[in-house]
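**Student:** here is the input, now give the coordinates:
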Amino acid sequence: MRVLITGGATGLGQAIALKWADKCVSKKGVLDICIADINIERGNETVNALTAKGANAFYMHCDITSDNDVQTLAQTIETRWGSVDYVFNNAGVATGGSLLDETIEQWQWVFDINVLGMVRVSRALLPLMRKRGSGYFINIASQAGLTPIPYMGSYNSVKAAVVSFSETMKLELAPDNIDVSVVCPSFFKTNLDESMRSSNPASHKMISKFFAKADITKEEVAESIYQQVSQKRFLILTHKLGKRAFLLKKLLPTQRYISNMLNQTKTMKRAMESKVKE
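**Tutor:** Here you go, the predicted structure:
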């Protein structure tokens, strides 16, 4: 099994890598895995942890906003493995703020990484899968792409774009025997807030609080992803509350759903506005 994970040095990407290693070793399989990331130190630490589990792992520096880096990654994968079985488009960053808080530069930054970065990697690795006649893309989106909350406009938008892009890939690549899943986790304990950009301190504090209060770990999310990828589910929801929220959005009349969300987000609105007035 040959697995590539972007943003695999830390957080969910790292948890996915370790989970796949555990599962593969337990089945007495061989796992070749590439950790593509911009953090060399953490990348090497993850590779060492994977090697200790019996995986054939290596680190590759890759900035997914760089066409050259992505092409070099694809060429390295082809040289070392010939092809790739699973590509986890996991690398991403977080943003927050109101419509007036977030600059156009911040919107461009998060789109270039979370959406266009995924497009670059997918385009670069697709020819290898087509040549082999099979493959699997797992794109990491977010619950925010399905049931958005206020003060995360750019992040909600890019994750919704990832969901739409994934559905397009699913339909487009099916004739090539290439599968696609999109993962939409809610908040869980991770280091995503380290990369978060927001000009409003209240927004940063609010999102960090959501991460800290999460009742599910990245390892539990990785386990859920493993189980659902094994079943080849397209839309992978990892949180019970996330599943409930998505179901309510689908079943409730639109106005009722909006009213319900307005009631649920009143506290957020007060917190943000109080900081603006200070």
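
**Student:** show me the shaky parts of this protein.
**Tutor:** Residues of the chain meeting the criterion pLDDT under 70: 189-214, 270-278.

**Student:** which residues does the residue lying closest to residue 161 once chain neighbours are set aside contact?
**Tutor:** Excluding the flanking residues, the one nearest residue 161 by C-beta to C-beta, 6 or more residues apart in numbering is residue 115, at 5.0 Å. C-beta coordinates here come from the backbone N, C-alpha and C atoms, glycine included. For residue 115, the contacting residues are 158, 161, 162, 165, by C-beta atoms under 8 Å, 6 or more residues apart in numbering.

**Student:** now swap in residue 239 and tell me
**Tutor:** Each residue near residue 239 by C-beta under 8 Å, 6+ apart is listed here: 143, 185, 186, 188, 216.

**Student:** how about the helices in the chain?
**Tutor:** Here the chain has its helices, by DSSP state H, at 11-26, 40-52, 67-81, 104-111, 117-132, 153-173, 201-213, 218-230, 240-251, 254-264, 266-277.

**Student:** quick check: buried residues in stretch 39-59?
**Tutor:** Buried residues in stretch 39-59, counted by 16 or more other C-beta atoms under 10 Å: 39, 42-47, 49-50, 53, 55, 57-59.

**Student:** run the chain-centre distance for it.
**Tutor:** On the basis of C-alpha atoms, centre = their mean, to the nearest Å, stretch 39-59 sits 20 Å off its chain's mean C-alpha point.

**Student:** same check on stretch 13-26?
**Tutor:** For stretch 13-26, the distance to the chain centre is 16 Å (C-alpha atoms, centre = their mean).

**Student:** can you pull the contacts of the spatially most central residue of the chain?
**Tutor:** Nearest residue to the geometric centre of the chain (C-alpha atoms, centre = their mean): residue 140, 2.8 Å. Listed by C-beta under 8 Å, 6+ apart, the contact set of residue 140 reads 12, 88, 89, 90, 92, 162, 182, 183, 185.

**Student:** among those residues, which ones are buried?
**Tutor:** 12, 88, 89, 90, 92, 162, 182, 183, 185.

**Student:** highest neighbour count among the contacts of residue 239?
**Tutor:** Highest neighbour count within these, by other C-beta atoms under 10 Å: residue 185, with 25 neighbours.

**Student:** for that residue, what are phi and psi?
**Tutor:** Dihedral angles of residue 185 (phi, psi; degrees, to the nearest 10) stand at phi -80, psi 150.

**Student:** so it is in contact with residue 241, correct?
**Tutor:** No. Residue 185 is beyond contact range of residue 241, at 11.1 Å (criterion: C-beta atoms under 8 Å).

**Student:** thinking again about what came up before, and residue 97, which of the helices of the chain is closest to it?
**Tutor:** Closest approach to residue 97 among these (C-beta to C-beta): helix 201-213, 4.8 Å.

**Student:** how about stretch 84-103: buried residues?
**Tutor:** 84, 86-98, 101-102.

**Student:** which two of these have the greatest separation?
**Tutor:** 84 and 98 (40.5 Å).

**Student:** and residue 109, how far from residue 216?
**Tutor:** 28 Å (C-beta to C-beta, to the nearest Å).

**Student:** I misspoke; the intended subject was residue 86.
**Tutor:** Distance, residue 86 to residue 216, using C-beta to C-beta: 23 Å.

**Student:** ok, now residue 244?
**Tutor:** 14 Å.

**Student:** what's the answer for residue 66, then?
**Tutor:** To residue 216, residue 66 is 33 Å away according to C-beta to C-beta.

**Student:** now residue 25: closest residue in space, sequence neighbours ignored.
**Tutor:** Spatial nearest neighbour of residue 25, chain neighbours left out: residue 54 (4.8 Å); criterion: C-beta to C-beta, 6+ apart.
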